[in-house]
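K.L.:
Below is the sequence, then the predicted model.
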Amino acid sequence: MNTDSSADNDALEGPIVPTFIRYMMPSLLGMIAMTSGSLVDGMFIGNYEGVTALAAVNLIIPITTLLFGVSMMISIGGSVRGGKYLGEENTPAASAIFSKTLMFMVVYGLIVIALGLIFETEIFVSLGADETLFPVMSEYYRIIFPFLFFQFIVIQIYFFIRLDGFPNLAALALAIGAAVNIILDYLFIAVYGWGLTGAALATGLSEVMSLAVMLFYFVHPQRKISFGLRQNNWREVFQAAYNGISEFINEVSGALIGFIFNWMLIQRAGVTGVAAITLVNYLLFVGFMAYFAISDSIQVIISQNFGARNHERIHAFLRIAGIMIFGVSAVIISLLVAGSESLIGLFIDVERDSETLALALEFVAYIWPVFIFAGFTMLISGYLTAVHRPFQSALVASCRSLIMPAGLLILFYMLLSDYRFVAAISVAEAISFVLAVTLYLYHTPTIIIGSDQLARKPGSSIDD
């Protein structure tokens, strides 16, 4: 399966715009494919099972997001470290970090899945769910949870495949998985009427299919990174985790904010409120996945140019990414402002669930301004991770994902008796954007590479 014919390292030597497009488009298409699968899940669940089923799935999301955060932290942190090694032309070290993070992910997946299934009821209680929803949640949870193992492995391999110069293969794997998910959703939910069980099976089997496609990487003759069982210096896995700490903060914070949101909305609007915010989350998910695809592609390119000490190319790639984010933001804001009712109508029967629709539209009016700032903040956070500034990246991530939204949500909830407290998310994003820009100005590519070169001794490797 020859998905990428060139063995050259375009990240270090290729023309700026074509190289950015070559890395970004497969990632963007892959993220769109993955997003479309999730969106179709919501469409089938909402239209065939109703808002209660949507709410039940949404209540489970915080725990799966928390576990997914560890996977993202290790995978992105490891790939950034591997990218630096490739930039230094140290392929054995890149292969070693790939092998160690993959083995870690296997052990981690087996442990957390076993614990999650054993303590199912305790987890539901901790998520703030009403006992009447337990049977509905369990129908989905007991099927989807074991399949998380495949998702963890897919994420880890995905980032290293792209790092090794095969973004088309990575995107193809996600696209095939999304297509399988959509087909199985239709069969299991619409045709066979298996409800949430069918939705969970469709999602899980799609992850298995994505992994099956990615395994072609291991037999590709042009790959540079290889897998080996015998490894030492396992401390490097924790160093990689530190590099990816901002991604962990993003995911964990998302889980916590989701929990806070669910609790607040249950208090004021019951299951209808949780269902309404679920619909809004689907709309937000599309934009955030586009931002993530751009930021993630830039990380792969920048980490290698950081290893090669090329600050001019880093500047150039950041400019292209900024322009792309501006365009994506303009499109998403236009769609939300002008067509949010039509978009929400894709997920529910607007006549049957008119109360949920009205509430979701009110939430959109408070939340759409996040797209003015979020893309640029995520880009800066990803850049700081790529140039091995994990503390600064984690500071941005914790501010935009946890500290500001959690603090402002609680404050607004106490001060406002209606649903305007939801606007706290937009205010938090604006404040985080200011912090991100400030940190970037103190850590531009020229400043970082210049200071690192002064700190290095002749003949030494790049400091971690």
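P.N.:
Looks like it arrived, so ask away.
K.L.:
before we move on, which element is residue 407 in?
P.N.:
Element membership for residue 407 (DSSP states H and E) is helix 404-415.
K.L.:
The host helix or strand of residue 375 packs against which elements?
P.N.:
Applying DSSP H and E as the criterion places residue 375 in helix 370-386. If contacts are counted by 3 or more Cβ pairs under 8 Å, 6 or more residues apart in numbering; DSSP states H and E, helix 370-386 sits against helix 51-87, helix 245-307, helix 311-344, helix 390-398, helix 424-442. For every residue, glycine as well, the C-beta is placed using N, CA and C.
K.L.:
Those helices: lowest mean pLDDT?
P.N.:
Note on these: helix 245-307 shows the lowest mean pLDDT, a mean of 79.
K.L.:
just how off-centre is it within its chain?
P.N.:
7 Å (Cα atoms, centre = their mean, to the nearest Å).
K.L.:
Stretch 167-183 now?
P.N.:
With Cα atoms, centre = their mean, you get 16 Å for stretch 167-183.
K.L.:
Would you mind listing the buried residues in it?
P.N.:
167-178, 180-182 (16 or more other Cβ atoms under 10 Å).
K.L.:
what does stretch 218-233 rub up against?
P.N.:
1-2, 4, 7, 82, 86, 91, 94-96, 98-100, 102-103, 160, 163-166, 169, 217 (Cβ atoms under 8 Å, 6 or more residues apart in numbering).
K.L.:
Out of these, which sit inside helices?
P.N.:
Those of the contacts of stretch 218-233 mapping onto helices are 82, 86, 91, 94-96, 98-100, 102-103, 160, 163, 169, per DSSP state H.
K.L.:
Just the buried residues of these.
P.N.:
Buried among the ones in helices among the contacts of stretch 218-233 by 16+ other Cβ under 10 Å: 82, 86, 94-96, 98-100, 102-103, 160, 163, 169.
K.L.:
Which one of those residues is nearest to residue 209?
P.N.:
When these are ranked by distance to residue 209 (Cβ to Cβ), residue 169 comes first, at 14.0 Å.
K.L.:
Find me the pLDDT at residue 464, would you?
P.N.:
43.
K.L.:
coming back round to it: return the member of the buried residues of stretch 167-183 nearest to residue 317.
P.N.:
Looking across those and measuring by Cβ to Cβ, the closest to residue 317 is residue 167, at 14.7 Å.
K.L.:
any idea which helix or strand carries the residue nearest to the closest one when sequence neighbours are not counted?
P.N.:
Excluding its sequence neighbours, the residue lying closest to residue 167 (Cβ to Cβ, 6 or more residues apart in numbering) is residue 26, at 3.8 Å. Assigned by DSSP H and E, residue 26 belongs to helix 16-44.
K.L.:
chain center to that helix, what's the gap?
P.N.:
12 Å.
K.L.:
Counting neighbours, what do you get for residue 43?
P.N.:
A count of nearby residues for residue 43, using other Cβ atoms under 10 Å, gives 17.
K.L.:
With residue 69 as the reference, measure out to it.
P.N.:
26 Å (Cβ to Cβ, to the nearest Å).
K.L.:
Repeat that for residue 145.
P.N.:
16 Å.
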